[in-house]
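Q: pasting a predicted model and its sequence here:
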Amino acid sequence: MIQGLLLAAGRSQRFGSDKRLAMLDGEALLLRTAKRWLQARDETLGDVLVVLRAADPAERELASRLRDLGASTTFCAEAHLGMAHSLAWGVLQSPGVDGWLVGLGDMPALQPQSIRAVAHALHPEGIVLPTRDGLRGHPVGFGSAFGGELLTLQGDHGARRVLQAHRDALHWLELDDPGLLFDIDQPEQLRQAAKRVERAAD
């Protein structure tokens, strides 16, 4: 089974407020993104674990809302140190899987079939990178062979070090989905996101 890891522990500094709770067509951004992932589950992608910030009342409330949708949640006490800490924590919480599919909580236009396609292309010794028109996007799949290295990640560069160290294991998967390149960093991007989500749903 492939474990889905949805990283949602950032501080939204460029957004100016907690973008995870920003409303997109009447629904919080993170919840809408999580729904995309939950729709992608099948016999290969069995679970979606959302990595949140250190537990406090607000995070616990957000976790409750995610669990109501069907997602699993975990709190990363070191999330403030950078995205790599959240990724390593998520891997630590899911031992014994065939690999990890790592995505971002601010990508609501990503199509479920794209998430599923990356999961299905993954094998224990490989790394799958989805692309559109040659541009790399998310989610990224890591086979179980890379679990040990993922556990040692630190800082705010995600898994870049692992990708650079294993270029021979990279599998580039071209997909016709603009949503795999589109994340939200600024409030004005929410309007653009609404149009992309609507098109992805058609």
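A: Received, thanks. These numbers come from a predicted model, not from an experiment.

Q: which secondary structure element contains residue 130?
A: strand 127-132 (DSSP states H and E).

Q: what's in contact with the helix or strand following that strand?
A: Using DSSP H and E, the helix or strand that follows strand 127-132 towards the C-terminus is strand 135-136. Contacting residues not belonging to strand 135-136 are listed as 129-130, 172, 181 [C-beta atoms under 8 Å, 6 or more residues apart in numbering]. For every residue, glycine as well, the C-beta is placed using N, CA and C.

Q: mind listing the strands strand 135-136 pairs with, and their directions?
A: The pairing partners recorded for strand 135-136 under DSSP bridges are strand 127-132 (antiparallel).

Q: ok, residues contacting the partner strand?
A: By C-beta under 8 Å, 6+ apart, strand 127-132 touches 114, 117-118, 121-122, 136-143, 146, 162-163, 166, 169-178, 180-181.

Q: filter those residues down to just the ones in helices.
A: Among the contacts of strand 127-132, DSSP state H puts 114, 117-118, 121, 162-163 in helices.

Q: residues touching the longest strand belonging to the chain, excluding its own?
A: Identified as the longest strand of the chain according to DSSP state E is strand 45-52. Residues from elsewhere that reach strand 45-52 (C-beta under 8 Å, 6+ apart): 1-9, 30, 34, 37-38, 41, 59, 62-63, 66, 70-76, 79, 86-87, 89-90, 93-94, 101, 105, 115-116, 119.

Q: before I go, just wanted to say thanks for your time.
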